[in-house]
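Colleague: Build me a model:
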Amino acid sequence: MKAKYKIAGIGEILWDMFPGGGRLGGAPANFACHCQQLGGEAFPVSCIGKDELGQQTREELERLGVNSAFITELSDYPTGQVQVSLDEAGKPSYEILDNMAWDHLEFTPALKSLAPTLDAACFGTLSQRSPGSQNTIREFLRAMPDHSLKIFDVNLRGDFYSKPLIEESLPLATILKLSDEELPVLADYFELSGSVTDQLIELRNRFALDLIAYTRGSDGSLLISPAENSEAQGLSVTALDSVGAGDSFTAALCTGILNMMPLSEVNTFANRVASYVCSQKGACPKLPESIR
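Modeller: This next block holds a predicted model:
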């Protein structure tokens, strides 16, 4: 990044518990970690418990060079955990535990002060599964500057989403990011028809979005804006696991747009970053200098 933009990932922070051990995760936290690597001043905004995993969270963020000042410790709730299993292709499935610390995010004076200073933020659906965190996230987004990027990465997980939730979240966003597995759900909710491009354009127009980013895994991605469409092919890599790849794509998309890169370059760059993350273990591997 050419400038030091301020960016937040607001929502869940948790530990993905793999058969071989735990790794720090949560889509908004992954997004923030990748934005930090790509030159931003990035902040995960969430809650952890006053427990061993909470302490490990701060230690891991410090190792990654990420500021944890806007992560609140709660004594009454545990640090989030997700049980993760991978299929033969490295694709993850999740068992998300209920009533975790990140379900109790409050709009504190610190968050009220942070929101107006931001250039961008990313949020999703999972972190809005509890009314308290849902209200906080929406207040936070409304407190951000009008010019800022507000990226809604739907990240449909388990049963923690619905048509009303997505319909209420889209007007808060300037950018929508979704995958080829998620578009059919939104197409059903909003009765979208025609080709994939037709559906994306209809969705963008209906909710007055500045951009839609549609990802297709190894088949690349499609960016749809009012001015142009950009299609990028995926890169061939040996995938170890895809955990965090989508979040790294969103981070590269965000940082590229903030630096006013041409849309086609943003698209290519985001695929390059996500492909590298797929080739490594964990959601937030260190990106090589050639990418950063």
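Colleague: could you show me where the strands are in the stretch 1-150 of the chain, in order?
Modeller: 6-10, 14-18, 21-25, 41-49, 71-74, 80-86, 92-96, 120-123, 149-153 (DSSP state E, counting those that start in this stretch).
Colleague: Using TSV, please lay out those strands together with distance to L170.
Modeller: To be clear about C-beta, it is placed using only N, CA and C from the backbone, and glycine gets the same treatment. Shown next, in TSV, are those (distance: least, C-beta to C-beta, whole Å):
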stretch	distance to L170
strand 6-10	16
strand 14-18	25
strand 21-25	25
strand 41-49	20
strand 71-74	27
strand 80-86	25
strand 92-96	23
strand 120-123	11
strand 149-153	6
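Colleague: worst average pLDDT in these?
Modeller: When these are compared on mean pLDDT, strand 92-96 scores lowest, with a mean of 80.
Colleague: Each with direction, which strands does that one pair with?
Modeller: According to DSSP bridges, strand 92-96 has the following sheet partners: strand 80-86 (antiparallel).
Colleague: looking at the strands of the stretch 1-150 of the chain, which is closest to S279?
Modeller: Nearest to S279 among these is strand 80-86 (14.6 Å), distances taken as C-beta to C-beta.
Colleague: Enumerate the positions of that closest one that are buried.
Modeller: 80-82, 84 (16 or more other C-beta atoms under 10 Å).
Colleague: So what touches it?
Modeller: The set of residues external to strand 80-86 that reach it, using C-beta atoms under 8 Å, 6 or more residues apart in numbering, is 12-19, 22, 25-26, 48, 53, 92-97, 100-102, 241, 243.
Colleague: tell me the average confidence for the longest helix seen in the chain?
Modeller: Of all segments of type helix in the chain, defined using DSSP state H, the longest is helix 263-278. Averaging pLDDT along helix 263-278 yields 93.
Colleague: what do you get for stretch 199-213?
Modeller: The model assigns stretch 199-213 a mean pLDDT of 97.
Colleague: pull the CA atoms of that stretch into CSV?
Modeller: Extracted C-alpha coordinates of stretch 199-213, given in CSV (Å, rounded to 0.1, in the frame of the first residue of the first chain):
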residue,chain,number,x,y,z
GLN,A,199,-27.9,-11.7,-11.1
LEU,A,200,-24.9,-9.7,-9.8
ILE,A,201,-25.8,-6.6,-11.7
GLU,A,202,-29.4,-6.8,-10.5
LEU,A,203,-28.2,-7.3,-6.9
ARG,A,204,-25.8,-4.4,-7.2
ASN,A,205,-28.5,-2.1,-8.6
ARG,A,206,-31.1,-3.1,-6.1
PHE,A,207,-28.9,-2.2,-3.1
ALA,A,208,-27.0,0.7,-4.7
LEU,A,209,-23.6,-1.0,-4.2
ASP,A,210,-20.4,0.5,-5.6
LEU,A,211,-19.0,-3.0,-6.3
ILE,A,212,-19.7,-6.7,-6.1
ALA,A,213,-16.8,-9.2,-5.8
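Colleague: start at 138 instead
Modeller: All right, first residue 138 from here; so that's stretch 336-350.
Colleague: List the buried residues of it.
Modeller: Buried residues in stretch 336-350 (16+ other C-beta under 10 Å): 336-341, 344, 346, 348-350.
Colleague: Stretch 252-265 now?
Modeller: Those would be 252, 255-265, for stretch 252-265 by 16+ other C-beta under 10 Å.
Colleague: from the chain's centre, how far out does that stretch sit?
Modeller: 9 Å (C-alpha atoms, centre = their mean, to the nearest Å).
Colleague: CA-only coordinates of that stretch in PDB, if you can.
Modeller: Once non-C-alpha atoms are left out, stretch 252-265 reads as follows in PDB (Å, rounded to 0.1, in the frame of the first residue of the first chain):
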ATOM      1  CA  ALA A 252     -15.300   4.400  13.600                       C
ATOM      2  CA  PRO A 253     -15.100   8.000  12.300                       C
ATOM      3  CA  THR A 254     -11.400   7.600  11.700                       C
ATOM      4  CA  LEU A 255     -11.600   4.600   9.400                       C
ATOM      5  CA  ASP A 256     -11.100   4.300   5.700                       C
ATOM      6  CA  ALA A 257     -12.600   0.800   5.500                       C
ATOM      7  CA  ALA A 258     -14.200  -1.900   7.500                       C
ATOM      8  CA  CYS A 259     -15.400  -5.500   6.800                       C
ATOM      9  CA  PHE A 260     -18.300  -7.300   8.500                       C
ATOM     10  CA  GLY A 261     -20.300 -10.400   7.900                       C
ATOM     11  CA  THR A 262     -23.400 -12.400   9.000                       C
ATOM     12  CA  LEU A 263     -22.000 -14.800  11.600                       C
ATOM     13  CA  SER A 264     -21.000 -12.000  13.900                       C
ATOM     14  CA  GLN A 265     -24.600 -10.700  13.800                       C
END
